[in-house]
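A.B. asks: next comes the sequence, and after it the predicted model I'd like to discuss.
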Amino acid sequence: MLNFDEERYLGIQGGAVQLATGIRSALEKEFADGLENIFFAGAGGVNFLMQPAARLLQTKSTFPTYVEMAAELVNSGNQHLGPKSLVVFPTVSGTTKEALAALAYVRGKGARVLTLTAKADTPLAEQADINFTNFCADDTSSENFYLQSLLIALSIMSIRGEIDDFERIVSELAQLPAQLIEVKRTFEPRAESFANEVKDEQHHIMTGAGGVWFEAWYYGMCILEEMQWIWTRPVHASDFFHGTLELLEEDTSVWLIKGEDEQRPLADRVERFATTVTKKLRVFDSKEFALEGISDDVRALISPVVIAAAFERLSMHLQVVRDHPLTTRRYYKKGNF
């Protein structure tokens, strides 16, 4: 596979899954101390990676769960934030200024802070009440943070007696890193051919529903826009029929991301309509990958992880065929704004 180190990848994603015991133990202590709610409050793309787990809690648990943009939280506050709150900040760099400002703000409200970082010797790691460090970089961070936040959600539900198969799910997740390599291997030929197909296209609509919607949103903003300077229009599949459908013409590029949770019918509806208009409907479906040893209920939870693993292969090929390295920026981290 192009520019891919299997051992490195196994180590990073295996490290994420191995945090299961520590995450659960830390949360047990928080609940013993009277924890009343949880906030996911990242800045930028990593905030999207927390949201499948947050939605799991919001829809399958009665535990109060909030999602905030770090910068907005500082500006507006939240009446539910207080000494019995736990605020989760994910970060690759550990130095994101919006997250640091939000960390100081929530600490000022008496809340406790849990950070998920790629390095231990960074401000966001050192200033947290609880920190879990697992090395990752841009090419591995999506799966890493999806998995860690999922473990937070599952731990909360298990502690509260809302699921009774935490150990079984974690044992299946332990098999996932090796299965994700097979996802990449399977997707590699399509990644190469698709990169060549779209290398000169500038506008795309990206859509999905359920957990994979956040991957569509993330990939459009953080990879195609930030790292490839390609215009995208992320729109949730349920909103597709409230405006975006009017943009479709015969040559409109639509990327439809399909997962395996209960929101899949929303993606099916987009597919049925889009095929009647455009010749450039591009469907990416987590169901196409084998994932040996992973049960259907766990597959539904990890669909965004699977798509992220596949799309990393596409990113590698895009930077080659477009002669645009993923690290090339015009403005990001180059100015003080």
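C.D. replies: Cool, the structure landed.
A.B. asks: now the element after the helix or strand that A99 is a member of, going C-ward?
C.D. replies: Using DSSP states H and E, A99 falls within helix 97-108. Where DSSP H and E defines the elements, the next helix or strand beyond helix 97-108 is strand 112-117.
A.B. asks: now that following strand, how far from the centre of its chain.
C.D. replies: The chain centre lies 17 Å from the centre of strand 112-117; the measure is C-alpha atoms, centre = their mean, to the nearest Å.
A.B. asks: and what of stretch 42-54?
C.D. replies: 6 Å.
A.B. asks: ok, which stretches of the chain are strands?
C.D. replies: 37-40, 65-67, 85-91, 112-117, 130-133, 203-208, 231-236, 254-258, 281-285 (DSSP state E).
A.B. asks: stretch 35-54: end-to-end distance?
C.D. replies: 16 Å (C-alpha to C-alpha, to the nearest Å).
A.B. asks: before we move on, what about stretch 219-233?
C.D. replies: 11 Å.
A.B. asks: please point out which parts of it sit buried.
C.D. replies: For stretch 219-233, a neighbour-count test (16 or more other C-beta atoms under 10 Å) marks 219-224, 226-228, 230, 232 as buried. (Each C-beta comes from the backbone N, C-alpha and C, glycine too.)
A.B. asks: for stretch 136-152, same thing?
C.D. replies: 136, 138-152.
A.B. asks: and of those residues, the nearest to I307?
C.D. replies: Within the buried residues of stretch 136-152, proximity to I307 (C-beta to C-beta) peaks at S142, which comes in at 9.0 Å.
A.B. asks: hang on, isn't that closest one packed against L49?
C.D. replies: Yes. At 6.0 Å, S142 counts as touching L49 under the criterion of C-beta atoms under 8 Å.
A.B. asks: if I look at those two, which residues touch both of them?
C.D. replies: Contact criterion C-beta atoms under 8 Å, 6 or more residues apart in numbering; residues shared by S142 and L49: Y218.
A.B. asks: poorly predicted segments of the chain, please.
C.D. replies: Counting by pLDDT under 70, the chain has no low-confidence residues at all.
A.B. asks: I am finished for the moment; much appreciated.
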